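> please work out how this folds:
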Amino acid sequence: MPSTRKMTNKAGESFYEIRVSRGRSAAPLSMRWYPPAGWSQRAIDRELCKVAADFERRCQAGEILSRSEQHEREAEARRAAAKVQTLKQYSEGVFMPAKTVSISENSRSSFQGMLEKWVYPALGDLKLPDITPANISALLLSMQAQGKAHATVVKCYTILNSLFKMAFLSDTIPKNPMHKVERPKPRKDESRHDEVEAYTVDEVRHILACLDKEPLKWRVLVRLLIDTGIRRGECCGLQWKDIDFQGNSVTISGNLCYTPQKGVYLDTPKNGRSRTVDVDPDIMALLRALRSEQAAQAISSYVFTQVGSPEPMHPQSPTRYMKKFSQRYNVPDLHPHKLRHTFASIAITSGADVASVSEKLGHSDKAVTLRMYTHADQESIKRASQIFRDALKQDTKKAGQG
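A predicted model of the protein is given here:
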């Protein structure tokens with residue numbers, strides 16, 4: 001059984017250290033778990049047991065390694081690197097096994113898909129030291145010529161950059177060809193197209209009015225996304241234990257994901273930490289109604305389930321539903337991430353501070369919030385221009401009076 005003890009960090013935050021013993025032959029493994037603010041001790045103890053049991057299972061399965069074991073695995077990877085020749089051999093034998101330790105299952109699946117679809121056909125059979133900047137640039141240009149989205153081309157560039165950096169730092173190759181490959185720039189015809197624009201307040205009101213005609217499950221889900229700005233997977237991963245009906249809030253403690261290899265599974269939130277967000281009382285009333293409706297069909301621990309089943313909703317289902325919703329009500333380009341942008345844009349434009357918005361969105365860095373979500377609408381741009389003109393006129397009047 002794992003041991004647990006309550007501790008406090010330098011910032012004064014309470015956390016629990018979970019330690020799993022592996023006998024005398026190996027050092028124990030440990031992790032930290034931060035309970036969400038506002039939880040009762042009973043709720044904390046119950047969740048702590050689950051987290052500790054899951055951590056013990058992962059330790060026993062070999063998914064968790066000590067630092068020395070990680071270093072040994074990396075050393076083994078370097079030794080294996082000396083024997084490989086082609087990019088595909090290096091990727092499958094060294095790069096992807098090493099990456100699996102540090103990235104999520106969802107990211108691993110995304111990496112694998114990009115490698116198999118684009119990188120291996122173009123560069124996979126070439127010897128790693130023989131690959132030139134021209135080879136890599138040709139691949140990226142080919143993707144652009146085929147009309148691939150800028151984000152897709154950049155992802156390919158990022159993966160190749162990571163792969164060749166690893167090979168270079170481990171002395172598998174004498175020089176890194178990525179040092180001479182320019183990061184892809186968007187085509188002129190897609191510079192604006194790739195940006196995710198937020199809805200205006202009037203457009204959100206139209207969406208809410210249309211939602212009143214939709215099934216209860218979808219009314220609750222879409223309104224939650226609009227009201228809180230949470231991610232699609234975080235919304236699909238909500239369980240009834242995360243809903244605080246008295247406090248009008250929900251705790252984001254999971255992220256429902258899907259990969260072809262693993263199917264649908266519950267992961268930790270993207271930044272690795274739980275957070276609690278407040279929810280409109282009207283939406284909480286809809287959640288109560290949904291709980292009653294669900295209990296009459298199939299009791300589940302999940303808030304959003306498959307039709308007639310206690311299994312959680314597939315994380316792609318909201319995207320598919322919103323596409324049909326867009327067509328029914330003539331709402332342009334409705335999808336979960338656009339609602340996330342909309343929450344941040346309207347909140348910041350209306351005067352909310354960036355730190356608070358960042359916390360609610362679950363960003364680990366406020367710079368991400370600023371970079372991705374401060375989209376000014378046309379009214380804001382006009383208002384900024386008018387403020388400038390008014391200030392200039394005021395200064396001119398003062399100068400005339402002097």
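
> which helix or strand contains residue 19?
For residue 19, the enclosing helix or strand under DSSP states H and E is strand 14-20.

> before we move on, what about residue 328?
Assigned by DSSP H and E, residue 328 belongs to helix 317-329.

> quick one: average confidence on the helix or strand that comes right after that helix?
Sequence order places helix 336-349 as the next helix or strand after helix 317-329, per DSSP H and E. The average pLDDT within helix 336-349 is 84.

> and helix 336-349, how far from the chain's centre?
The chain centre lies 15 Å from the centre of helix 336-349; the measure is C-alpha atoms, centre = their mean, to the nearest Å.

> helices and strands around the next helix or strand after it, which ones?
Counting by DSSP H and E, the next helix or strand C-terminal to helix 336-349 is helix 354-361. For helix 354-361, the contact count by 3 or more C-beta pairs under 8 Å, 6 or more residues apart in numbering; DSSP states H and E identifies strand 275-278, helix 336-349, helix 366-373 as packing neighbours. The C-beta positions use only the backbone N, C-alpha and C, and glycine is treated the same way.

> hang on, the earlier thing: hmm, who's touching the helix holding residue 328?
206-207, 210, 214, 218, 221-222, 225, 232, 235-236, 331-336 (C-beta atoms under 8 Å, 6 or more residues apart in numbering).

> among those, the buried ones, what's the PyMOL command?
With 16 or more other C-beta atoms under 10 Å as the criterion, this PyMOL line picks the buried residues out of the contacts of helix 317-329:
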select buried, resi 207+210+214+218+221+222+225+232+235+236+334+335+336
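
> relative to residue 152, how far out is the closest residue to residue 87 other than its chain neighbours?
Residue nearest to residue 87 in three dimensions, not counting chain neighbours: residue 123, with 5.0 Å by C-beta to C-beta, 6 or more residues apart in numbering. Distance, residue 123 to residue 152, using C-beta to C-beta, to the nearest Å: 17 Å.

> the residue nearest to residue 87 is in contact with residue 140, isn't it?
No: applying C-beta atoms under 8 Å, one finds residue 123 not in contact with residue 140, separated by 11.1 Å.

> OK, contacts around the closest residue in space to residue 225 that isn't next to it in sequence?
Computed as C-beta to C-beta, 6+ apart, the closest residue to residue 225 that is not its neighbour in sequence is residue 339, at 4.5 Å. Residues near residue 339 by C-beta under 8 Å, 6+ apart: 199, 222, 225-226, 229.

> domain parsing for this protein?
Domain segmentation of the chain under automatic domain parsing yields 3-60, 69-190, 201-373.

> Three-state assignment for residue 120, please.
helix (DSSP: H, G, I helix; E, B strand; the rest coil).

> neighbours of it, how many?
When neighbours are counted by other C-beta atoms under 10 Å, residue 120 registers 16.

> now residue 115
So residue 115, with other C-beta under 10 Å, has 23 neighbours.

> A helix includes it, no?
Yes: per three-state DSSP, residue 115 lies within a helix segment.

> residue contacts, the residue nearest the centre of the chain?
Nearest residue to the geometric centre of the chain (C-alpha atoms, centre = their mean): residue 270, 4.6 Å. Residue 270 makes contacts with 231, 255, 362, as judged by C-beta under 8 Å, 6+ apart.

> skip the chain neighbours and tell me the closest residue to residue 106.
Residue 106 sits nearest to residue 257 (C-beta to C-beta, 6+ apart), 4.6 Å away.

> okay, and the beta partners of that neighbour?
Using DSSP bridges, the beta-bridge partners of residue 257 come out as residue 265.

> quick one: residues contacting residue 104.
Residues near residue 104 by C-beta under 8 Å, 6+ apart: 257, 267.

> per-residue pLDDT, it?
Residue 104 is assigned 79 on the pLDDT scale.

> quick check: the nearest residue to residue 120 once chain neighbours are set aside vs residue 103, distance?
In space, and not counting its chain neighbours, residue 120 is closest to residue 88: 5.3 Å by C-beta to C-beta, 6+ apart. Per C-beta to C-beta, residue 88 is found 19 Å from residue 103.

> higher neighbour count, these two?
residue 88 (19 against 15).

> neighbours around the residue nearest to residue 87, how many?
So residue 123, with other C-beta under 10 Å, has 21 neighbours.

> phi first, then psi, for residue 66.
phi -80, psi 170 (degrees, to the nearest 10).

> now it. Nearest residue, chain neighbours left out?
Using C-beta to C-beta, 6+ apart and skipping residues adjacent in sequence, the residue nearest residue 66 is residue 27, 5.3 Å away.

> next, the one you found: phi, psi?
Dihedral pair for residue 27: phi -70, psi 150, per degrees, to the nearest 10.

> residue 240 reaches residue 305, doesn't it?
No: counting by C-beta under 8 Å, residue 240 stays clear of residue 305, with 10.8 Å between them.

> pick out whichever of those two has more residues nearby.
Higher neighbour count among residue 240 and residue 305: residue 305, with 20 against 15, using other C-beta under 10 Å.

> got the contact list for that one?
Per C-beta under 8 Å, 6+ apart, neighbours of residue 305: 294, 298, 311-313.

> turn these into JSON lines, columns for pLDDT and distance to residue 278.
Output for those, formatted as JSON lines (pLDDT from 0 to 100; distance: C-beta to C-beta, whole Å):
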{"residue": "294", "pLDDT": "89", "distance to residue 278": "23"}
{"residue": "298", "pLDDT": "72", "distance to residue 278": "29"}
{"residue": "311", "pLDDT": "91", "distance to residue 278": "29"}
{"residue": "312", "pLDDT": "93", "distance to residue 278": "24"}
{"residue": "313", "pLDDT": "94", "distance to residue 278": "23"}
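
> mind checking which of those residues are buried?
Buried subset of the contacts of residue 305 (neighbour count, 16+ other C-beta under 10 Å): 294, 312-313.

> residue 70: which of those residues is nearest?
Taking C-beta to C-beta as the measure, residue 70 lies nearest residue 312 of those, at 32.3 Å.

> against residue 271, how distant is residue 136?
31 Å.

> hmm, I was thinking of residue 225
Distance from residue 225 to residue 271, by C-beta to C-beta: 18 Å.

> ok, residue 265 next?
Distance of residue 265 to residue 271, given as C-beta to C-beta: 18 Å.

> what about the nearest residue to residue 184 once chain neighbours are set aside, how many residues close to it?
Nearest non-adjacent residue to residue 184, counting by C-beta to C-beta, 6+ apart: residue 153, 4.6 Å away. Residues lying near residue 153 (other C-beta under 10 Å) number 23.
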